[in-house]
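1. sequence plus predicted model, see below.
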Amino acid sequence: MPSFLTALKSQVGRKILTGITGIGLIIFVILHLAGNLTLFGDYQAFNVYTYTLESLGWILYILEAGLAICFLLHAYIGISIWWNRRKNRPEGYEKYQTKGGPSHNTWASRSMALTGVVILVFLVIHLANFKFADTNMITLPNGETGRNLKAVVMESFQNPWYAFGYSFVLVLLGLHLKHGFWSAFTSLTMKHKKYSAIIYGIGIIFAILIAIGFLFIPLYIYFTGGQGALIAY
Amino acid sequence: MAEEFTINLKIWRQAGPDQPGKLVDYTLDTVNEHMSFLEMLDVLNEKILNEGGDPIEFDYDCREGICGSCDLMIDGRAHGPKAMTCSCQLHMRNYNDGDTITVEPFRARAFPVIKDLVVDRSAFDRIIEAGGYVSIKTGSAPDANSIPVDKQVADTAFDYATCIGCGACVAACPNSSASLFTGAKLAHLNRLPQGEPERKKRTVAMVEQMEEEGFGDCSNFAECEAVCPKGISISAIAEMRRNYMKAALAGDEA
């Protein structure tokens, strides 16, 4: 019998790891969106949220380390699958098309590596622009002094390059999730005659909701010039 | 006599392994709707031979959809446009006068081209040798029904046993994965009482052999299920993953 580590390095184990890290990232994306939506709360809601998150201290570091592992492992395995794909069919077909029916072979599913790498590159820019941004300090309702990240968000998304660049990447995230959601459950061996179709359907709805949720913020701020009525000033 | 019509073909010609190949154009104006795809190729070969050319090599045996030899990538789909159909059971009535059809071999690193449309699928044989069998007493025939098998289990095992090892799953998979083939063999043997004693050993051995042969990862495209002439479900792949991880976690304990 292979050791547990050898098993995890096999084709099967790598899919299990991709599925587990993928579900971890799905949970992160949901929480991230929920946090972003506090922008539409009262004047300081977003800054209070980020302040509370940052004051978690070592708990936050552990969560961030887990998240980083999910991202890196997911990306590493994904890129190696793409690499093996090229290696395992050295001469491609002159003509290739899907047979349809039960197949989930679409641009979205074939381009998981491409959309994934774009998201990864975006992530680096995104962290630099927001998480590690220079911010002014502001007095929060509880009397503490916190970073005014809301101002950074409002300012960034009035720049068309950032607003539309961000939106473009988040459309790619939606496409990644369209296949990824269902695929994660299937990799974790949850394949069922009836329920798999339901999971696939939920995955599509989830991908659309996440994309709409994330797209709404930059586009709303851009098109209202940072003066929209939904955001308190 | 059925009316004859014309089909244009682009067929992959390759003189031998590791030699460069290319698509060659042919026109056949004596096609009729009752011909199978292979019979159409027979007529084309007849014509090529009469003209003193080298006939197109392609694999076939039973020509009734049960042997899994007739591996053709027809217009970019393994076994052609129809679901749950082998190339030999595809009939020319599915095509119209003047259509152009591209025919290529099944492509994968683990399926090297031997000549033209014929590929070497012995990698599948080695996966079977690794564990695709049950160890039982041979000799006198055992009594029928001496080992009770639940009807539902027997039916599901049979569904997986319908795999004819044609390799369409590998050919159609964007990653050239053999997970459906290996998964189907495992799902067939592992769920029957005769296969149970060797379940863990078999699963590990076949998964390892599949990887060693140079087949790719499974990305859950399910294209394999779409092209499988027997319509085998990718549930087999989920089951393979479950059994493999269970075997690894159990270690050497039976």
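-> Sure thing, it's come through.
2. convert the C-alpha atoms of stretch A:94-108 to CSV, please.
-> Coordinates of each C-alpha in stretch A:94-108 appear next as CSV, following Å, rounded to 0.1, in the frame of the first residue of the first chain:
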residue,chain,number,x,y,z
GLU,A,94,-6.5,19.0,-36.3
LYS,A,95,-10.2,19.1,-35.5
TYR,A,96,-11.6,18.7,-32.0
GLN,A,97,-15.1,19.2,-30.6
THR,A,98,-17.2,18.1,-27.7
LYS,A,99,-19.9,15.4,-28.1
GLY,A,100,-22.2,17.3,-25.7
GLY,A,101,-24.7,15.3,-23.7
PRO,A,102,-23.3,14.7,-20.2
SER,A,103,-20.1,16.5,-21.1
HIS,A,104,-18.9,19.6,-19.1
ASN,A,105,-16.2,20.2,-21.7
THR,A,106,-16.5,23.9,-22.3
TRP,A,107,-14.2,26.9,-22.7
ALA,A,108,-14.6,27.5,-18.9
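3. what is the burial count for B:I56?
-> Residues near B:I56, counting by other Cβ atoms under 10 Å in any protein chain shown, number 21. Heads up, the C-betas are built off the backbone N, CA and C, glycines and all.
4. and it, how close does it get to chain A?
-> Separation of B:I56 from chain A (Cβ to the nearest Cβ, to the nearest Å) stands at 16 Å.
5. can you pull the contacts of the closest residue to that residue other than its chain neighbours?
-> With Cβ to Cβ, 6 or more residues apart in numbering or on different chains as the measure, B:D116 is the residue that lies nearest to B:I56, at 5.2 Å, once sequence neighbours are left out. Contacts for B:D116 were tallied using Cβ atoms under 8 Å, 6 or more residues apart in numbering or on different chains; they are B:11-14, B:21, B:56-58, B:105.
6. list the buried residues in the host helix or strand of A:F28.
-> Assigning secondary structure by DSSP states H and E places A:F28 in helix A:11-36. Counting neighbours by 16 or more other Cβ atoms under 10 Å in any protein chain shown, one finds that the buried residues in helix A:11-36 are A:11-26, A:29, A:33, A:36.
7. returning to that earlier point: which one of the contacts of B:D116 has the most neighbours?
-> If you count neighbours using other Cβ under 10 Å, the busiest of the contacts of B:D116 is B:P105, which has 27 neighbours.
8. so which of the buried residues of helix A:11-36 are also by chain B?
-> Filtering the buried residues of helix A:11-36 for proximity to chain B (criterion: Cβ under 8 Å from any Cβ of the partner chain) leaves A:11-16.
9. I'd like these as TSV, with pLDDT appended.
-> As requested, these are arranged in TSV below (pLDDT from 0 to 100):
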residue	pLDDT
A:Q11	96
A:V12	97
A:G13	97
A:R14	97
A:K15	97
A:I16	97
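10. still on that earlier bit, what's the following helix or strand after the helix holding A:F28?
-> Toward the C-terminus, helix A:11-36 is succeeded by helix A:45-54 as the next helix or strand (DSSP H and E).
11. residues contacting that following helix, please?
-> With contacts defined as Cβ under 8 Å, 6+ apart, helix A:45-54 is touched by A:35, A:38-39, A:60, A:138, A:140-142, A:144, A:146-150, A:153, A:232.
12. again with stretch B:32-40
-> Judged by Cβ under 8 Å, 6+ apart, the contacts made with stretch B:32-40 from elsewhere in the structure are B:1-5, B:7, B:28, B:31, B:43, B:58, B:60, B:63, B:70, B:72, B:74, B:80, B:87-93.
13. which of those residues are buried, as a ChimeraX select command?
-> A single ChimeraX command suffices to select whichever of the contacts of stretch B:32-40 are buried according to 16+ other Cβ under 10 Å:
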select /B:5,7,28,31,43,58,60,63,70,72,74,80,87,88,89,90,91,92
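14. the contacts of stretch B:32-40 in helices, which ones?
-> In this view, these that belong to helices under DSSP state H are B:V43.
15. in strands, which of the contacts of stretch B:32-40 fall?
-> Secondary structure assignment (DSSP state E) places B:5, B:7, B:28, B:31, B:74 from the contacts of stretch B:32-40 within strands.
16. which ones are touching the third one?
-> What it means is B:L28. B:L28 makes contact with B:6-7, B:9, B:40, B:43-44, B:47, according to Cβ under 8 Å, 6+ apart.
17. beta partners for it?
-> The residues paired with B:L28 through beta bridges, assigned by DSSP bridges, are B:I7.
18. now swap in the last one and tell me
-> Taking DSSP bridges, one obtains B:R77, B:V103 as the residues bridged to B:I74.
19. residue contacts, it?
-> When contacts are taken as Cβ under 8 Å, 6+ apart, B:I74 is in contact with B:37, B:80-81, B:87, B:90, B:101-103.
20. what is the nearest of those to chain A?
-> If you rank the contacts of B:I74 by distance to chain A using Cβ to the nearest Cβ, B:T102 comes first, at 4.5 Å.
21. you'd agree the closest one is up against B:K10?
-> Yes. At 4.5 Å, B:T102 and B:K10 qualify as touching, with contact defined as Cβ atoms under 8 Å.
22. any chance of the contacts of B:I74 in TSV, with pLDDT too?
-> Conversion of the contacts of B:I74 to TSV gives the following (pLDDT from 0 to 100):
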residue	pLDDT
B:F37	98
B:G80	97
B:P81	97
B:S87	97
B:L90	97
B:I101	98
B:T102	98
B:V103	98
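23. one step back: and the buried ones among the contacts of helix A:45-54, selectable in PyMOL?
-> Here the buried members of these are turned into a PyMOL selection, burial being counted by 16+ other Cβ under 10 Å:
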select buried, chain A and resi 38+39+138+140+146+147+148+149+150+153
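24. which stretches of chain A form strands?
-> Assigned by DSSP E, chain A shows strands spanning A:137-139, A:145-147.
25. nearest to chain B, out of the ones you listed?
-> Chain B sits nearest to strand A:145-147 of all these, at 40.6 Å, using Cβ to the nearest Cβ.
26. domains in chain B, by residue range?
-> In the assignment given by automatic domain parsing, the structural domains of chain B cover B:5-104, B:121-250.
27. could those domains go into a markdown table alongside distance to A:A65?
-> Conversion of the domains of chain B to a markdown table gives the following (distance: least, Cβ to Cβ, whole Å):
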| stretch | distance to A:A65 |
| --- | --- |
| domain B:5-104 | 45 |
| domain B:121-250 | 25 |
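28. please name every helix or strand in contact with the longest helix anywhere in chain A.
-> If you go by DSSP H, chain A has its longest helix at helix A:58-88. Applying 3 or more Cβ pairs under 8 Å, 6 or more residues apart in numbering or on different chains; DSSP states H and E, one finds that helix A:58-88 makes contact with helix A:11-36, helix A:112-126.
29. can you give the distance from it to the centre of its chain?
-> 12 Å (Cα atoms, centre = their mean, to the nearest Å).
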